[in-house]
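Engineer: Fold the following for me, if possible:
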Amino acid sequence: MSLNDRASQTTSQQVASAVTDLVRVNLNALIQDAIWGLLNRPAWNVSTAAVAPPVCNTATVTSQVKTTATTQLYVNGVVTSLTATDPLWTLTGGNLAAGFVRKYLLLWDATTATTVATVLQSLSDQPIVTTAAAALALCRFPGSPPVNALGIAPAVVGVLSITNLTNPFIPGTTLLGATGVTAAYRDGPDVNSYIASITTP
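Structural biologist: This next block holds a predicted model:
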């Protein structure tokens, strides 16, 4: 075998190895996401649970977010009850520029008798090129929400989508009903954006 043939074979092997590693990483992410989704699914999506969704909405303090109904969720595979709470979440993160959209996962980890709640911001803000709906469809999150210091993976109570048209949106300060701001809520996970795997559109 010539020196050129050996070099070509080595390059082919390196490419094949890199592709295999990429497939392995994505398959691992897919498996982890699937397991997390099973262990932390909304109980109102389970037919035998017969419970209402939380009905996430803008809180009385309109820079914050609340739940308006008592519900149940699976947290680490255990059914847990979440009472209606106003407010439950305060938004965090950097400012959202005018002409951009962002999503938040509204999370709860059930570590106390009341609530421990956090928000997870989408990976990057998306510009409104055609429509806000098209921009929001491009918002992506990391894979399964991160495990907290107690080793608990939080459940997704809902998803908040923010469309900002006029002024910089300051999380936790700007009112969710301010001029140029549209806040839309979904109960439970958004299947098109919360799983960061090869199956995500």
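
Engineer: so where's the chain uncertain?
Structural biologist: 1-16, 29-30, 32-50, 111-116, 143-151, 191-201 (pLDDT under 70).

Engineer: ranges for the strands of it?
Structural biologist: 56-58, 64-67, 71-75, 78-82, 89-90, 100-108, 117-121, 126-127, 155-164, 181-187 (DSSP state E).

Engineer: In a markdown table, list those along with mean neighbour count and distance to Thr173.
Structural biologist: (Each C-beta comes from the backbone N, C-alpha and C, glycine too.) Formatted as a markdown table, those follow (neighbours: other Cβ atoms under 10 Å; distance: least, Cβ to Cβ, whole Å):
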| stretch | mean neighbour count | distance to Thr173 |
| --- | --- | --- |
| strand 56-58 | 19 | 14 |
| strand 64-67 | 23 | 10 |
| strand 71-75 | 22 | 28 |
| strand 78-82 | 15 | 26 |
| strand 89-90 | 20 | 10 |
| strand 100-108 | 24 | 15 |
| strand 117-121 | 19 | 14 |
| strand 126-127 | 15 | 22 |
| strand 155-164 | 24 | 13 |
| strand 181-187 | 17 | 12 |
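
Engineer: To Ser17, which of those lies closest?
Structural biologist: Nearest to Ser17 among the strands of the chain is strand 117-121 (33.5 Å), distances taken as Cβ to Cβ.

Engineer: The closest one pairs with which strands, parallel or anti?
Structural biologist: Take DSSP bridges as the rule and strand 117-121 pairs in its sheet with strand 100-108 (antiparallel).

Engineer: ok, for Gly180, nearest residue in space, not its chain neighbours?
Structural biologist: Thr166 (2.7 Å; Cβ to Cβ, 6 or more residues apart in numbering).

Engineer: need the contact list for that neighbour.
Structural biologist: Thr166 makes contacts with Ala98, Ala178, Thr179, Gly180, Val181, as judged by Cβ atoms under 8 Å, 6 or more residues apart in numbering.

Engineer: mind checking how far Val119 is from Cys56?
Structural biologist: 11 Å (Cβ to Cβ, to the nearest Å).

Engineer: Quickly list what's touching both of the two.
Structural biologist: Common neighbours of Val119 and Cys56 (criterion: Cβ under 8 Å, 6+ apart): Leu106, Leu160.

Engineer: What about the residue nearest to Val78 when sequence neighbours are not counted, how many residues nearby?
Structural biologist: In space, and not counting its chain neighbours, Val78 is closest to Ala110: 7.8 Å by Cβ to Cβ, 6+ apart. By the criterion of other Cβ atoms under 10 Å, Ala110 has 22 neighbours.
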